[in-house]
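Asks: the following block contains a protein sequence and its predicted model.
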Amino acid sequence: MIEINKSREERTRLKGELVSALMRWQEATQLFDETVGERLGLTAAERHCMSFLVEGPQPAGAIAETIGLTPAAVTSLVDRLEARGFVARQRNEADRRQVLVAPTEAATKIGERYYGQIAQEGEAMLDTMSTAELAIVKKFITVALELQQRQIERIRNDKAKPPAGLKPRR
């Protein structure tokens, strides 16, 4: 019985340490992105858009859905990014009626400048892990991402008023 209690205590301790480490990692990631954004003069929405475009050219509607802005707000955001040389509009080769937003070569180079080293070091870190460890990390990140996405939708759809004394930003 002592072993079971010790095992439960160890599991509880590890879960607490994991939650704490995840919070610090999330905060460090956010601070890193904010620091890059400050250096480049990008708002949070502009950074989020640029991050989404790493996956490849996207229609404005997909950008709006991903970052939670109206189509009109995304048009304005894309106009600002285009004027600064971060993105370019291009026709979708599969459907010439659709316009896609794509990062420019200059934006890709800037991304490599600020994110390249962290990507290389992250790759080296992953190389130290076994296939089984990588599978566990992938599983955790996948389910954690799904959890975050569900919670984002829950909050976006929440029509309740904020607690007394707090006012929503307009």
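Replies: That came through, no problem.

Asks: may I see the buried residues of stretch 38-46?
Replies: 40, 42, 45-46 (16 or more other C-beta atoms under 10 Å). For every residue, glycine as well, the C-beta is placed using N, CA and C.

Asks: can I get those in TSV including pLDDT, secondary structure and distance to residue 8?
Replies: TSV is the format used below for these (pLDDT from 0 to 100; DSSP: H, G, I helix; E, B strand; the rest coil; distance: C-beta to C-beta, whole Å):
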residue	pLDDT	secondary structure	distance to residue 8
40	95	helix	48
42	96	coil	46
45	95	helix	44
46	96	helix	47
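
Asks: which residues of this protein score low on pLDDT?
Replies: 1-5, 168-170 (pLDDT under 70).

Asks: quick one, domains of it?
Replies: 1-41, 42-104 (automatic domain parsing).

Asks: export the buried residues of stretch 38-46 as CSV, with columns for distance to residue 122.
Replies: Listed next are those as CSV, based on distance: C-beta to C-beta, whole Å:
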residue, distance to residue 122
40, 21
42, 22
45, 25
46, 24
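
Asks: what's the burial count for the closest residue to residue 36 other than its chain neighbours?
Replies: Closest residue in space to residue 36, ignoring its immediate chain neighbours: residue 114 at 4.7 Å, by C-beta to C-beta, 6 or more residues apart in numbering. Number of residues near residue 114 (other C-beta atoms under 10 Å) recorded here: 15.

Asks: in a strand, that's where residue 114 is, yeah?
Replies: No: according to DSSP: H, G, I helix; E, B strand; the rest coil, residue 114 belongs to no strand; its state is helix.

Asks: how many residues are close by residue 77?
Replies: 22.

Asks: that older thread, wait, which of the domains of the chain is closest to residue 155?
Replies: Of all the domains of the chain, it is domain 42-104 that lies closest to residue 155, at 9.8 Å by C-beta to C-beta.

Asks: for the chain, which segments count as helices?
Replies: Using DSSP state H, the helices of the chain run over 2-40, 44-53, 60-67, 71-83, 105-127, 131-157.
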